[in-house]
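K.L.:
the following block contains a protein sequence and its predicted model.
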Number of protein chains: 2
Amino acid sequence: MPEFAELSIAGLTRVLEDFTRMHIRLPAERRLSFTTLSVLHTLAGDGPKRLTELAGSEQVTQSAITQMVTKLEREGLVERHPDPSDGRAVLVSVTAAGAAIVDGRRAERMARLSELADRLTEAERTAIAAALPALARMVELHSTAIGDSPIEREACAGDSGTDTPRDSARR
Amino acid sequence: MPEFAELSIAGLTRVLEDFTRMHIRLPAERRLSFTTLSVLHTLAGDGPKRLTELAGSEQVTQSAITQMVTKLEREGLVERHPDPSDGRAVLVSVTAAGAAIVDGRRAERMARLSELADRLTEAERTAIAAALPALARMVELHSTAIGDSPIEREACAGDSGTDTPRDSARR
DNA sequence: GTAACTTAATTAAGTTTCTGATACAGTTCG
DNA sequence: CGAACTGTATCAGAAACTTAATTAAGTTAC
């Protein structure tokens, strides 16, 4: 084992793409579309958000988010609350039922990953464990750097308005 | 760095979820839907496939794939060819133009990951590099397992203990 | 060899989800 | 206060997906 392995960005990218594919193709659980599940995941992870914030992070129009939230509200998966700091805005939060769906999907992923990890060698598991903090920090760096990245802005072609998707500092 | 770190499946799951989110919300480059991009990615990675194979891996119906391939064919991103080994089947392959789209997206991801990796410490990069082979093997183990057990089938509605709320008005 | 069954892809019709445009209420600023 | 701006909602139409029915090629049984 070389002590100074150079990190292959291509290799990392490839592996992460494969895991992405693996995670996405998982469900079908209930009649929930991909975007719907993503919204629930975002709300469960980041806490209540405005409709415009959701539209930005999910890369669909605000109109689509309004309609989706209306539907999810009817099904009892999310709730609308007025934003105390702005009379126009609505804060969408996930309900216990909605969080249960997110948790259920996570449990499935964990079960699958656990099964795969069991078939690795002890050394392989240790190597992954040792890399976890570094990987987590990459994610951390990413989320704090969104304001800088020019890629984010360029991506949202055709989106109306699109102010910079600021972080959810409200919690 | 501890020598005998136990692998936290929860931590691994969480990090991979975050990367997934990071990868998906990336572009919007050329008005292509998520499923469409996924199909191109699959074809570019795995080579020519039948429509039924694509339907299975993308978790949409065969009919949807037929329509999507027809559209992609008109746009010059994929090609249909008869399967020499089976007169009923069609082999779909990605064109150079289609591959260019996949490569472009990958390049963006690599650029972003590279930028993040630059801000890690040397030790962190080394840790990730050391874990890459093990992560790749997990993906490998996963894909070989698919052929055996049809997890992809609707059976995965398991949701592991989380009783999903009953549908209120389904309409 | 042909009748019955299976498999691969297409077509048609109907449903869900998204976009674009517009309306409207609340906020900000002169 | 009035003008400009921002956050949501609504509606018509487009796009993507599903189910069901159809065509065609391959397989099995007699």
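P.N.:
That came in fine, so what should we check first?
K.L.:
residues from chain A in reach of DNA strand C?
P.N.:
By the rule CB under 7 Å from any atom of the strand, the part of chain A lying against DNA strand C is A:31-33, A:35-36, A:60-61, A:63-64, A:67-68, A:71, A:86-88, A:158, A:160. C-beta here means a position set from N, CA and C on the backbone, and glycine is covered the same way.
K.L.:
ChimeraX command to pick out the buried ones of the residues you listed?
P.N.:
To isolate the buried members of those in ChimeraX, using 16 or more other CB atoms under 10 Å in any protein chain shown:
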select /A:32,36,60,68
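K.L.:
sort out for me which of the residues of chain A next to DNA strand C are in strands.
P.N.:
A:86, A:87, A:88 (DSSP state E).
K.L.:
show me the beta-bridge partners of the first one.
P.N.:
Beta-bridge pairing of residue A:86 under DSSP bridges involves residue A:83.
K.L.:
in the helix or strand harbouring residue A:107, which residues are buried?
P.N.:
Applying DSSP states H and E as the criterion places residue A:107 in helix A:96-118. The neighbour-count check on helix A:96-118 (16+ other CB under 10 Å) flags A:97-110, A:112-113, A:116-117 as buried.
K.L.:
where does chain A dip in pLDDT?
P.N.:
Scanning chain A for pLDDT under 70 picks out A:1-5, A:26-29, A:145-171.
K.L.:
so who does residue A:127 touch?
P.N.:
B:130, B:131, B:133, B:134 (CB atoms under 8 Å, 6 or more residues apart in numbering or on different chains).
K.L.:
okay, these in a markdown table with neighbour count and secondary structure next?
P.N.:
Formatted as a markdown table, the contacts of residue A:127 follow (neighbours: other CB atoms under 10 Å in any protein chain shown; DSSP: H, G, I helix; E, B strand; the rest coil):
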| residue | neighbour count | secondary structure |
| --- | --- | --- |
| B:130 | 20 | helix |
| B:131 | 24 | helix |
| B:133 | 14 | helix |
| B:134 | 21 | helix |
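K.L.:
may I see the domains of chain A written out as residue ranges?
P.N.:
A:9-108, A:120-157 (automatic domain parsing).
K.L.:
which one, of those domains, ends up nearest to DNA strand D?
P.N.:
domain A:9-108 (3.2 Å; CB to the nearest atom of the strand).
K.L.:
does that closest one come close to DNA strand D?
P.N.:
Yes - using CB under 7 Å from any atom of the strand, domain A:9-108 comes into contact with DNA strand D via A:50-52, A:62-63, A:66-67, A:69-70, A:80, A:83, A:86, A:88-91.
K.L.:
surely residue A:39 and residue A:71 touch.
P.N.:
No - when contacts are counted by CB atoms under 8 Å, residue A:39 is not listed as touching residue A:71 (10.7 Å).
K.L.:
residue contacts, the closest residue to residue A:114 other than its chain neighbours?
P.N.:
Sequence neighbours aside, residue B:9 is the residue nearest to residue A:114 in space, at 4.8 Å (criterion: CB to CB, 6 or more residues apart in numbering or on different chains). By CB under 8 Å, 6+ apart, residue B:9 lies in contact with A:110, A:113, A:114, A:117.
K.L.:
and the gap between the last one and residue A:36?
P.N.:
Counting by CB to CB, to the nearest Å, the separation of residue A:117 from residue A:36 is 29 Å.
K.L.:
same thing with the first one?
P.N.:
Remark: distance between residue A:110 and residue A:36 (CB to CB) = 21 Å.
K.L.:
which stretches of chain A form helices?
P.N.:
A:9-24, A:34-46, A:51-58, A:62-74, A:96-118, A:122-144, A:150-155 (DSSP state H).
K.L.:
pipe the ones you listed into JSON lines and attach distance to residue B:16 per row.
P.N.:
As requested, the helices of chain A are arranged in JSON lines below (distance: least, CB to CB, whole Å):
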{"stretch": "helix A:9-24", "distance to residue B:16": "5"}
{"stretch": "helix A:34-46", "distance to residue B:16": "13"}
{"stretch": "helix A:51-58", "distance to residue B:16": "18"}
{"stretch": "helix A:62-74", "distance to residue B:16": "25"}
{"stretch": "helix A:96-118", "distance to residue B:16": "8"}
{"stretch": "helix A:122-144", "distance to residue B:16": "9"}
{"stretch": "helix A:150-155", "distance to residue B:16": "21"}
